[in-house]
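Participant: Structure here, sequence nowhere to be found:
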């Protein structure tokens, strides 16, 4: 089992990974169809967003009121290719999507009724999974057109649609993690004291881009009492000597997410600050060691939470231990009590316990971890010990 708490220096693959092919997207849609059949669905309906990007490689130029919908019949209806219903003015872009060779494109003009067109592709009494981010405008129109159909959110009926990554996806997640590690190593060299949180956040964003990210999703800089807010937005507070500072940042590189957190200290910490940081670091390691064959998602949460509770800080750990990551930075699976789903090789998720003392300071340590046949493999490998900054 890969259990070493590595503190090795970050390194980044220099090469750009080969793009996914039409065969890759065809295989993903076939898996989605098989999963839909196993879940008792007639098919899945995918709106523009991360599910559509994952299944087809298509990113519409804009999410508008015009219906764009991928219809994937369940495997029981084999013989029907997935169909992408798309406005005629967007059809040219759709034809060049990487997964287009595996699709049937069905264009419609503003003079057409796109819901009647879509209805012709659906089982009139079927039960369908639909993207969580689908516009209610479109869902309600489909229900009016086909009143005997029913719909469930994809995160409810097919929560693991994107959860298990293949080797090429894992390489992208690992490259994103290495780039985030490099950004962290660089931020340790800048001055913290006397600067605003927003300035340090801007530095982090620039470093993520410099190390190959195409998109920066968040740069949390929570100094002193602001660190006790897990989702603090970097603001105008000036960082002071003696502050604990939570740094949580990430985005997309090669289309896949990074997300890491380290907590640093400006100058020498107090004994209590060291104790809290050590507790969180031990909890994070315990969660990592809980990633093993036969474990469930809640086992990771329980392992990390037990360390914090035993140290007396249980009431101050106020969020789940982790979340999945892939083409978005938050997706299933979730490391939380009550999630009995087994961890399987290829899952990628965060392990990020924290302690938040209101009005005083907070500590969080986060790595992205990939589940393997024998345990866990970290995608973030910068030191988890407290770094002292100026």
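Facilitator: Cool, the structure landed. Note that the structure is a prediction, hence the values are computed from the model and not measured.
Participant: Pull out the buried residues from stretch 17-35.
Facilitator: By 16 or more other Cβ atoms under 10 Å, the buried positions in stretch 17-35 come out as 20, 22, 24, 25, 26, 28, 29, 32, 33, 35. Every residue, glycine included, has its C-beta placed from N, CA and C.
Participant: Skip the chain neighbours and tell me the closest residue to the fourth one.
Facilitator: For residue 25, ignoring the flanking residues on the chain, the nearest one in space by Cβ to Cβ, 6 or more residues apart in numbering is residue 99 at 3.1 Å.
Participant: Next: the second one.
Facilitator: With Cβ to Cβ, 6+ apart as the measure, residue 101 is the residue that lies nearest to residue 22, at 4.1 Å, once sequence neighbours are left out.
Participant: any idea which residue of the protein is furthest from its center?
Facilitator: Within the chain, the residue lying farthest from the chain centre (Cα atoms, centre = their mean) is residue 111, at 38.6 Å.
Participant: quick one: contacts for the nearest residue to residue 90 once chain neighbours are set aside?
Facilitator: Of all residues not flanking residue 90 in the chain, residue 60 sits nearest, at 6.0 Å (Cβ to Cβ, 6+ apart). Listed by Cβ atoms under 8 Å, 6 or more residues apart in numbering, the contact set of residue 60 reads 48, 52, 68, 86, 90, 93, 94.
Participant: try residue 39
Facilitator: 129, 157, 158.
Participant: In JSON lines: these, plus pLDDT.
Facilitator: Shown next, in JSON lines, are the contacts of residue 39 (pLDDT from 0 to 100):
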{"residue": "129", "pLDDT": "97"}
{"residue": "157", "pLDDT": "95"}
{"residue": "158", "pLDDT": "95"}
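Participant: Now, those residues that are in helices?
Facilitator: If you go by DSSP state H, the contacts of residue 39 have residue 157 in helices.
Participant: before we move on, back to that, next, count neighbours for the residue nearest to residue 22.
Facilitator: Using other Cβ atoms under 10 Å, residue 101 has 12 other residues around it.
Participant: Against residue 219, how distant is residue 209?
Facilitator: Distance check for residue 209 against residue 219: by Cβ to Cβ, to the nearest Å, it reads 11 Å.
Participant: er, residue 366 I mean
Facilitator: According to Cβ to Cβ, residue 366 and residue 219 sit 14 Å apart.
Participant: got any residues that touch both of those two?
Facilitator: residue 248.
Participant: ok, back up a step: out of the buried residues of stretch 17-35, which one sits closest to residue 140?
Facilitator: The nearest member of the buried residues of stretch 17-35 to residue 140, counting by Cβ to Cβ, is residue 32 at 23.9 Å.
Participant: Name the SS class of that closest one, please.
Facilitator: At residue 32 the chain is in helix, as set by DSSP: H, G, I helix; E, B strand; the rest coil.
Participant: Residue 349 too?
Facilitator: Applying three-state DSSP: residue 349 is strand.
Participant: distance of it from residue 186?
Facilitator: 26 Å.
Participant: and if you look at residue 105?
Facilitator: Distance of residue 105 to residue 186, computed by Cβ to Cβ: 45 Å.
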